[in-house]
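Asker: Sequence first, predicted coordinates after that:
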Amino acid sequence: DVKVTQSSRYLVKRTGEKVFLECVQDMDHENMFWYRQDPGLGLRLIYFSYDVKMKEKGDIPEGYSVSREKKERFSLILESASTNQTSMYLCASSLLAGGPITGELFFGEGSRLTVL
Amino acid sequence: DQQVKQNSPSLSVQEGRISILNCDYTNSMFDYFLWYKKYPAEGPTFLISISSIKDKNEDGRFTVFLNKSAKHLSLHIVPSQPGDSAVYFCAATLGGNTPLVFGKGTRLSVIA
């Protein structure tokens, strides 16, 4: 079974702090993604990566950066956390970003971040 | 501009009845559609998918119907069970190496 592990389930940070969210997958997937989920807004793509050292902006990259130094690890960085970044953050991986066989994304359990 | 729309934020259904969750899309180039289910405090899990060359795909209690001319798909759950209570996300892809585009989700409550 594919396992996507997010390092922290719950975090509380202060405005202006630097925040690291770590994600590791164990299935040798090429593609990794960071989403955030907010009530009424669904799942919004922040950044994704097709390969080591590569990154692509998603729909809402402002205020975030990412790092992919190793294939299995994809980190989301909030350089200076703000209250509007309070959210559930979901990491996912896949063999191929949008198909063709199933298009299936495997998600981690999520990291709930509260910025005070 | 939202390319994948789930216009019903919530749905309540009695146990044993049919649940129908709807999804509309605007991009006719989408060629694969997926449904994900999400429980609170957990990540979404893949439920069922359908290729644009098909109009129906069935997996146990779950059936997805695709109407390409109307750019509409629906997920039918029958019979509904209390354990089906979750948020359901519709997603679509252009294929190749493009990310999934998700709808905003529909919260299904199955009442015993």
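Answerer: All right, it came through fine.
Asker: Give me the three-state assignment for the residue nearest in space to the middle of chain A.
Answerer: In chain A, the centroid-proximal residue (CA atoms, centre = their mean) is A:Trp34; its distance is 2.4 Å. With DSSP: H, G, I helix; E, B strand; the rest coil as the basis, A:Trp34 sits in strand.
Asker: can you pull the pLDDT of it?
Answerer: Predicted confidence (pLDDT) for A:Trp34: 96.
Asker: Quick one: neighbours of the residue lying closest to A:Glu22 once chain neighbours are set aside, just the number.
Answerer: Setting aside the residues directly before and after it, A:Glu22 is nearest to A:Ser7 in space (CB to CB, 6 or more residues apart in numbering or on different chains), at 3.9 Å. C-betas here are computed from N, CA, C, even on glycine. Applying other CB atoms under 10 Å in any protein chain shown, we find 15 residues neighbouring A:Ser7.
Asker: other SSEs contacting the worst-scoring helix or strand of chain A on mean pLDDT?
Answerer: Of all helical and strand segments in chain A, the minimum by mean pLDDT, DSSP states H and E falls on strand A:106-107, at a mean of 91. Applying 3 or more CB pairs under 8 Å, 6 or more residues apart in numbering or on different chains; DSSP states H and E, one finds that strand A:106-107 contacts strand A:87-94.
Asker: Briefly note if the strand it packs on comes near chain B.
Answerer: Yes. Interface with chain B: strand A:87-94 contributes A:90, A:92 (CB under 8 Å from any CB of the partner chain).
Asker: what's in contact with that strand?
Answerer: With contact meaning CB atoms under 8 Å, 6 or more residues apart in numbering or on different chains, strand A:87-94 is reached by A:2, A:4, A:6, A:21, A:23, A:25, A:27, A:29-38, A:43, A:46, A:74, A:76, A:103-108, A:110-113, B:43-44.
Asker: swap in stretch B:9-19?
Answerer: The contact list for stretch B:9-19 (CB under 8 Å, 6+ apart) reads A:40, B:20-21, B:75-82, B:84, B:104-112.
Asker: If we go by neighbour counts, what in it is buried?
Answerer: By neighbour count on 16 or more other CB atoms under 10 Å in any protein chain shown, the buried set for stretch B:9-19 is B:11, B:13, B:19.
Asker: likewise stretch A:77-86?
Answerer: A:78, A:81, A:85-86.
Asker: What segments of the chain are strands?
Answerer: In the absence of a named chain, chain A is used. Remark: strands assigned in chain A by DSSP state E are A:4-6, A:10-13, A:19-21, A:23-25, A:31-38, A:42-49, A:56-57, A:65-70, A:73-78, A:87-94, A:106-107, A:111-115.
Asker: oops, chain B please
Answerer: B:4-5, B:10-14, B:19-25, B:32-38, B:45-51, B:56-59, B:62-67, B:72-77, B:86-93, B:101-102, B:106-111.
Asker: for those, which one sits closest to A:Arg14?
Answerer: strand B:32-38 (28.7 Å; CB to CB).
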